[in-house]
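turn this into a structure:
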Amino acid sequence: MSQFFPQTEYAEDQPLARTILTTHVLNRGFQAGSAVGLLSGSLIPIFKRQSSTFPALLLRSTGIGGCVGTGLISLSLAARMWGAEEIEWKDRSWRLQHNAGQVAVDRWSQPGAVIGGALAVAFRRPGGGVLPVLGGAGWGALVGAVGGVLFR
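From the prediction side, this is the model:
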């Protein structure tokens, strides 16, 4: 994500601070929600019988988790940064762009999300809706994030 936004030498000069922080937080909310959805979806067959196949169930639950995670984290961001001064937004976004770990995870998770979403589109069932595609993007983002951490 850092490669898409301008970087400055000093936090006070950081342009697009709100956009940078918001996209980062929403991205992490999607990843966290996808992880929770994947875990909860893998537990569903243990507790009750499902008529759908297990991979389709996992894709759907991961997509739902990604949507819920994004929604909850957006509310959290609004609550946390409510009334914050512009310099706080600039400082936080500047730190994100200059954190090697965050940059590594971003560089791996975003292409993973695109590839996962594209694979879900390519292999989806007719009438499956958008949740399996979001689930595929969530799987890809999680695999990419783990790959970025392991590579680093």
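
drop to CA atoms for contacts and neighbour counts, all remaining ones
Noted.

residues of the longest helix seen in the chain that come out buried?
Longest among the helix segments of the chain by residue count, using DSSP state H, is helix 17-47. Across helix 17-47, burial judged by 16 or more other C-alpha atoms under 10 Å covers 17-18, 20-22, 24-38, 41-42.

quick check: mean pLDDT of it?
Here helix 17-47 scores 88 as its mean pLDDT.

also stretch 62-73?
Mean predicted lDDT for stretch 62-73 stands at 94.

ok, and for it, which residues are buried?
For stretch 62-73, a neighbour-count test (16+ other C-alpha under 10 Å) marks T62, G63, I64, G65, G66, C67, V68, G69, T70, I73 as buried.

state the distance from the closest residue to the second one other than its chain neighbours to A35.
Closest residue in space to G63, ignoring its immediate chain neighbours: G135 at 3.7 Å, by C-alpha to C-alpha, 6 or more residues apart in numbering. With the distance defined as C-alpha to C-alpha, to the nearest Å, G135 ends up 10 Å from A35.

what do the two both touch?
Common neighbours of G135 and A35 (criterion: C-alpha atoms under 8 Å, 6 or more residues apart in numbering): T62, G66.

if we can go back for a sec, now the helix or strand that the longest helix of the chain is followed by and helix 17-47, what's the angle there?
Remark: after helix 17-47, the chain's next helix or strand is helix 54-81, criterion DSSP states H and E. Relative orientation of helix 54-81 and helix 17-47, computed by axes from the mean of the first three to the mean of the last three C-alpha atoms, to 10 degrees: 140 degrees.
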